[in-house]
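> Here is a sequence together with a model predicted from it:
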Amino acid sequence: MKHSVLRAALLSTALLFPSANVQAEGLAGAYLAARSASTAADFKYAATYFSRALIEDPGNSFLLNSGIAANLSLGKLDTAVVLARALESKGEHSPVADLALAVQEVVDGDYEALSARIADGAEIGPVVTQLFDAWAELGAGKMSSALEKFEALTKLQGMEGVANYHKALALGSVGDFEGAAEIFRDVDANGFSHTRSTLTAYVQVLSQLERNDQALEELSRVYQDGTADPEFEDLKQRLEAGETLPFAIAPTPREGIAQAALTLAEVLSVEGTPDQTILYSRAAELLDPNMISAVLLSAAMLEDLEQFELATQAYAKVPADSPSFHLAEIGRAETLEHAGKPEEAIKVLRDLAEVRPDLPIVQVSLADTLRGQEDYQGASEAYDAALELFPEVDPKQWFIYYARGICHERLDDFPAAEADFRQALELYPDQPQVLNYLGYSLVEKNIKLDEALEMIEKAVAARPNDGYIVDSLAWAYYKLGRYEDAAEIMERAALLEPLDPIVSDHLGDALWMVDRKIEAYFQWRRALSFEPEEKDADRIRRKLDVGLDVVLEEESRAN
């Protein structure tokens, strides 16, 4: 590779933040800044400073590999490829370099080069190396060889389902829809179950075979409610209108390889780390910019990595006419909230609610965000709107009733709160969160204490290591006058939640009642150090001044 090409690419990336002085930094400064940014998953700064370090030391293999990863994570394929070729010119390879070069070869349509790379021993990543290899054969016009490679992959332990799915896509891409349908028809025998991607592919295959009625039947197995999923609703309406759906999921080997990259990204999103996942979700995006599932996955990984600006930019890629636009906007709102911009998040969700007033998930997301900002009245109204959109009561609605119950409780409307909590328990019997919240609320109001204790004991049995639930049980014993039991269990709650002001405050009260007053004062002071809400802090200060007995007497007279 010509040194001038590498230097031009490095300078372009190094000047992402032109205010810093490249020359003054030197290699050590740029290297340390790059490592720090890389550790924090700050890909933009990492790409910048790795480039600056490479200007000083262009042959450093570690810097080249790190620069490739940072640029690929940003979706900057051009720079990643320049760095990968520089590494390759040194006679060295790495999975991230081979991934960047493989993606470029697919973009260029040079499937022979990709096949040669893999034959030379390139390891692009688990599973995807073999999938890229099979698709590359198809791209080079060698269908028989491609099918042989997909078939060979089915023999590897754990690979049967992935290989058969991609074999079906490959058959569909060359117009063998009967062959593809045969694989999709009996997914269990072929080692996989229907996901969103496989079901979409199957529906498209059936439509190409002029079997829209069967496609609708398959779709109805998982999709029944027109308000639940805009993407499937769109497919349903088009099928009912008699439209022949295009085989759009993998019409060419390029999109097939994009699906392979997405396959690994989805696995890594569960079994790996976000910084591993995003390499392959970005690769899928670069190969198929219309693959909204890859865009959403990249955005979610950036959010997990707390790269909120990049995550917001990623969510914004999804066009307004996409059936998945609402998911992107919900994701963007969550990112803004995590970035400390709740007002902007609420505006995004209110605007979305006007565009998609038919989607319960939009109202629930708005309600959850408002509840997080302690706007309990607004949240309650949004939960109301969400529940009105469901045609009938469904067990999955338990959380909406539970969350609305919390709002009612915070608004001092306990009868409405209790009704919602009990409805949630009707839909999801013995749900620990609901049992705990309702039980604790009853304890606080000093009513139905026997039932409250039973509820909380069930919750503790289900989640014995949840400090807040254990605290509820101890507090129920306290309210029942069982102070020795309360103190013993409260000490366990304090071990599980050592930094919670309410738990420490409760422990202090229980210790006071069993005549361990010095320890009680210590726990109250601890509780104050954890910055409780002001009304709780005032009560704790009063206990420190005059003791719990006097405080209880004062409260009794006030009531």
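Perfect, I can see it now.
> element containing residue 266?
helix 253-271 (DSSP states H and E).
> Mind giving me the packing neighbours of that helix?
On a contact count with 3 or more Cβ pairs under 8 Å, 6 or more residues apart in numbering; DSSP states H and E, helix 253-271 meets helix 95-107, helix 128-139, helix 160-173, helix 274-287, helix 292-304. Bear in mind the C-beta positions are built from the backbone N, C-alpha and C, glycine included.
> Distance to residue 417 added to these, as CSV?
Below are those laid out as CSV (distance: least, Cβ to Cβ, whole Å):
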stretch, distance to residue 417
helix 95-107, 53
helix 128-139, 51
helix 160-173, 46
helix 274-287, 37
helix 292-304, 32
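> can you put those helices in CSV and add mean neighbour count?
Compiled in CSV, the helices and strands packed on helix 253-271 are given as follows (neighbours: other Cβ atoms under 10 Å):
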stretch, mean neighbour count
helix 95-107, 24
helix 128-139, 26
helix 160-173, 24
helix 274-287, 26
helix 292-304, 24
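> For residue 427, which non-adjacent residue is closest in space?
Nearest-residue entry for residue 427: residue 398, 4.0 Å, with adjacent residues in sequence omitted and distances by Cβ to Cβ, 6 or more residues apart in numbering.
> if we look at the host helix or strand of the one you found, which residues are touching it?
Assigned by DSSP H and E, residue 398 belongs to helix 398-410. With Cβ atoms under 8 Å, 6 or more residues apart in numbering as the test, helix 398-410 has contacts from 364, 367-368, 371, 374, 376-377, 379-380, 383-384, 386-387, 414, 416-421, 423-425, 427-428, 431, 433-434, 437-438, 441.
> Just give me the residue closest to the centre of this protein.
residue 300 (5.1 Å; Cα atoms, centre = their mean).
> Next, the angle helix 292-304 makes with the strand or helix carrying residue 233.
With secondary structure defined by DSSP H and E, residue 233 is part of helix 230-240. Taking axes from the mean of the first three to the mean of the last three Cα atoms, to 10 degrees, one finds helix 230-240 and helix 292-304 inclined to each other by 170 degrees.
> List the buried residues in helix 230-240.
Of the residues in helix 230-240, 230-233, 235-236, 238-239 count as buried by neighbour count, 16 or more other Cβ atoms under 10 Å.
> tell me the average confidence for that helix?
For helix 230-240, the mean pLDDT works out to 90.
> by contact count, what packs against it?
Contact partners of helix 230-240 among helices and strands, from 3+ Cβ pairs under 8 Å, 6+ apart: helix 196-208, helix 212-220.
> where in this protein is pLDDT low?
1-26, 224-228 (pLDDT under 70).
> just to revisit the earlier point, so of the helices and strands packed on helix 230-240, which one's packed in deepest?
helix 196-208 (a mean of 22; mean count of other Cβ atoms under 10 Å).
> Convert that one to CSV, retaining C-alpha atoms only.
The C-alpha coordinates for helix 196-208 follow below in CSV (Å, rounded to 0.1, in the frame of the first residue of the first chain):
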residue,chain,number,x,y,z
ARG,A,196,-39.2,-12.4,13.1
SER,A,197,-36.6,-12.8,10.3
THR,A,198,-37.4,-16.4,9.4
LEU,A,199,-41.2,-15.7,9.5
THR,A,200,-40.8,-12.6,7.3
ALA,A,201,-38.7,-14.7,4.8
TYR,A,202,-41.2,-17.5,4.8
VAL,A,203,-44.1,-15.1,4.2
GLN,A,204,-42.2,-13.5,1.3
VAL,A,205,-41.4,-17.0,-0.2
LEU,A,206,-45.1,-18.1,0.0
SER,A,207,-46.2,-14.9,-1.6
GLN,A,208,-43.8,-15.4,-4.5
